[in-house]
Structure formats: C-alpha cells, structure tokens
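Asks: with the sequence up front, the predicted model follows.
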Amino acid sequence: MTTPSAVRDADHPSDDIIALVRELVLLETPSRDVEASGRIADLLSAWFAGVGGTVQRVPHELGTDLVIDVPGAGDPVLLIGHTDTVWPVGTLAHDLPWSDEGDVVRGPGSYDMKAGIVVMLETLRRLQPLPLAQRRAVRIVLVADEEIGSPVSGPLLAERARGAACAIGFESPHPDGALKVGRRGSARVRIAVTGRAAHAALDPEHGVSAIDELVDQLLRVRAIVADPDLPSPVLCNVGVIDGGARTNVVPAQAAAEIGLRFLDPDSEERVLAALRGLTPVRPGAHVEVAVLSARPAWRASAADATFLERIAEAGAALGQHVDGRPAAGAGDTNLLGGRGLPTVDGFGPRGGGAHAVDEHFLRSSLHERIALLRAVLTIPTE
C-alpha cells in the first residue's frame, strides 16, 4: 500500500501522487458493491488518519461513508466527494485499463472522482507543518452512493455539514477548468404499473396491459414536463423501461425510470407533485410512482459568488486564473448550495470522459488543484 508520506515536496516529480490515484483506481468500486466500498474505506481511513484526520466510518446498505475531521482554526471548510463509480468490476481488465502517459492519466473512476480525493489528501499533507492557527479546520465527507443519486447519504448531508463555513465539491470542473457555481436540480422517478395477465389471443378482454398503461402514463409525463406555465424548462429522459415476458401474454407488469433536471425549485416541486398524482387510465390497472432520489436545484447566490471571488484571489496569487459558472449536471453540492451554504463545485482536476471509456485527468491540473486548495485553506499571517 502506498502511504501519503511517500509523496515528497511540491517540487518533486508527481509519480508518488499518481501512485496514490492508481491505488484508488485499482480498487474498483461500483455503486452498491458494499464489500468494495468497505475496502476503499479501509484504505482511505488509514491515509486520512495519517495526515491528522479523525475518521468516522458510517456503514449502510449501499456501502461505507466516511466523515473526517482535521483540526485547524475557525469553522470547518467542508470538502465533498464520493468513492463509488459508474464502472462495473472488470472494467480495468477490458474497456478502460490504467495508463499513465505524459500529462494524461486514464482509468475507471480516475477523473470522477478518485483524483479529486487525492487532491484533498495531498493538500492536507502539505498543510501539516503549519501551526493550527495558520490553517483552516476541515471536514471531509466521502459518500458511497453519489453515482446513484445519494439515496442514503443525501438525507444525512445537511447534518454532516452543520457548523461548516463553506463547502467545496470535488466533481470534475467545466472542460476549461472553470469551477461550477450553481447546478440544475435532479430527480430519479420510477413509475411501476401492475395490470392483469391473460392470453393475448384466447381471452385478451380479461387482461389489463401494464405496458399499454405505462405508455399512456409516459405520454402524460411528457405533457407535464412540457407545461408552458412552468417557470423554466425541464429536461426529461426516460432512461429505463422494462415489462412483459411473452408476446402471447398480456403483460401484468411494466415500469420505467425517468431522469429529470430542473433549473428552479418551483418547477421541480410542481413537476414532482404532478407525477405523484398520476392515476390509471384504464380500469384494473394500478400505478405507483416513487421518487428514488432527488437533489434540489442550486441557484448561485451572492454568498457563492463571494466565496468564488476568494478562491479566485488565492488562485491569482499562484498565477492561476479561476472563474466559475453554473453547470447542467447535479451532484451532492446541490444539497448544500441549494440550502444557502456558500458552495462551489468542480474542484477536481481537469480532464474528460466522465462515465465514458475515454475517462482521464491531466497530471498538471492535479498539481494546480492541490496548490489552489492549499492556498484556500491557509490563513495568512499578519
């Protein structure tokens, strides 16, 4: 196991830091893999304890979350990340093997977001020589279920953020490296239909097609999200449909999972309320709507803008140009920025290919982010 102490001063080649990312990437951690989540939690617990952190493990049915407190001055700066990835076990051996060539480092979960975790870790290591009065207190929250909407960890995030001065998310930045300040809200909704099976030729009149009912319900969904009276446009993607078994049997079960994106809380509330109110079109059908996960829309506030300005000033002192703008995708920072905590996201290194076989990050950007975070967390001496 690589140890953080193996990473030397800022002028040393980055091989040791990349080795830390590699060790995390080689631990394949798909969402819902409880054993894999426990293994990476073991590794990270040791690493963060080694840089002064007090680690709390929070096991649950989807994995193991980590809450890490590092002493320093003032109310803590909250650093938000996740250990799960979208990639199944075996991706390393086939579609996306680890590679490290020049400035480009590839691997499943490297960009989203294991390199970001190493940014946190290495920054804390570099801050250790400073007196506590010269560095900010830090709380790190690493969750195990972010890629599936944080259904377990999300409701706990507000409590874990209690007392924090501000929050920084370590999702990927915009392609040009800009931070993300403001994000669309998101929700995953499942519509499940129960009908009644019957022979499709001998007695179809005794059946109730769950698939036909689902199709009609999806047409209703289309009308709901296209309502011109909504305050802002809503993105809707029917991502999964399943149902039926044989062409000669009227299907008794069908379901769809829908992804929704919102620009403002009012549109989100109205759409979700309308979906929860869906009723069957045909007699004998039963429709059940469940919101699997939801993250509120986060509209950038004046407090977010002020926080971004402080980060930009720290970057300017390092010769880095830092700016920020809203993003289309949602993340755990929605749960903080949307509730008024000064928040920025996108603090992970530049790269590309999140959730794709071209996933990669740039070695040079990893070092830039470490230097920037160190500056943000350092309290200047008088």
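Replies: Cool, got the structure.
Asks: just the element for Val215, please.
Replies: When secondary structure is defined using DSSP states H and E, the element that contains Val215 is helix 210-225.
Asks: beyond that helix, next helix or strand please.
Replies: Stepping forward along the backbone from helix 210-225, the first helix or strand reached (DSSP H and E) is strand 235-243.
Asks: list the buried residues of that next one.
Replies: Buried residues in strand 235-243, defined by neighbour count with 16 or more other C-beta atoms under 10 Å: 236, 243. Bear in mind the C-beta positions are built from the backbone N, C-alpha and C, glycine included.
Asks: give me the mean pLDDT for the helix or strand just after that strand.
Replies: For strand 235-243, the following helix or strand on the C-terminal side (DSSP H and E) is strand 249-250. Computed over strand 249-250, the mean pLDDT rounds to 97.
Asks: I'd like to know which elements strand 249-250 is packed against.
Replies: Contacts of strand 249-250 with other secondary structure elements, assessed using 3 or more C-beta pairs under 8 Å, 6 or more residues apart in numbering; DSSP states H and E, are made with strand 198-199.
Asks: next, the residue of the chain most remote from its centre: phi, psi?
Replies: Within the chain, the residue lying farthest from the chain centre (C-alpha atoms, centre = their mean) is Leu202, at 50.3 Å. With angles defined as degrees, to the nearest 10, Leu202 shows backbone torsions of phi -80, psi -40.
Asks: run a quick neighbour tally on Leu272.
Replies: A total of 19 residues lie near Leu272 under the criterion other C-beta atoms under 10 Å.
Asks: ok, now Arg222?
Replies: Counted with other C-beta under 10 Å, the neighbours of Arg222 add up to 11.
Asks: let's see the pLDDT reported for the closest residue to it other than its chain neighbours.
Replies: Excluding the flanking residues, the one nearest Arg222 by C-beta to C-beta, 6 or more residues apart in numbering is Cys236, at 7.2 Å. The score at Cys236 is 97. That number is its pLDDT.
Asks: do the same with the one 4 residues further on
Replies: According to the prediction, Val240 has pLDDT 96.
Asks: bridging residues for it?
Replies: Applying DSSP bridges to Val240 gives these bridge partners: Glu257.
Asks: what sits against it?
Replies: Contact criterion C-beta atoms under 8 Å, 6 or more residues apart in numbering gives 255-257 as the residues in contact with Val240.
Asks: need the residues you listed in a markdown table (columns: distance to Trp47 and pLDDT).
Replies: Formatted as a markdown table, the contacts of Val240 follow (distance: C-beta to C-beta, whole Å; pLDDT from 0 to 100):
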| residue | distance to Trp47 | pLDDT |
| --- | --- | --- |
| Ala255 | 41 | 98 |
| Ala256 | 41 | 98 |
| Glu257 | 36 | 97 |
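Asks: can you tell me which of those is nearest Asp227?
Replies: Relative to Asp227, the closest of those is Ala256; by C-beta to C-beta it sits at 19.5 Å.
Asks: spit out the contact partners of the residue nearest to Arg222.
Replies: 221-222, 225, 258-261.
Asks: out of these, who has the most neighbours?
Replies: Neighbour counts for the contacts of Cys236, by other C-beta under 10 Å, peak at Leu260, which reaches 25 neighbours.
Asks: backbone dihedrals for that residue, both of them.
Replies: Its backbone dihedrals place Leu260 at phi -120, psi 140, with angles given as degrees, to the nearest 10.
Asks: any idea what sits nearest it, other than its immediate chain neighbours?
Replies: Beyond its immediate neighbours in the sequence, the residue positioned closest to Leu260 (C-beta to C-beta, 6+ apart) is Ala187, lying 4.7 Å away.
Asks: Asn248 now?
Replies: Ala200 (4.9 Å).
Asks: quick one: which helix or strand includes Leu157?
Replies: Here Leu157 is covered by helix 154-160, with elements defined by DSSP H and E.
Asks: surely the residue nearest to Asn248 is in contact with Val249?
Replies: Yes. Ala200 is within contact range of Val249, at 6.0 Å (criterion: C-beta atoms under 8 Å).
Asks: can you name the two of the contacts of Cys236 that are farthest apart?
Replies: In the contacts of Cys236, the most distant members under the criterion C-beta to C-beta are Arg222 and Arg261, with 15.0 Å between them.
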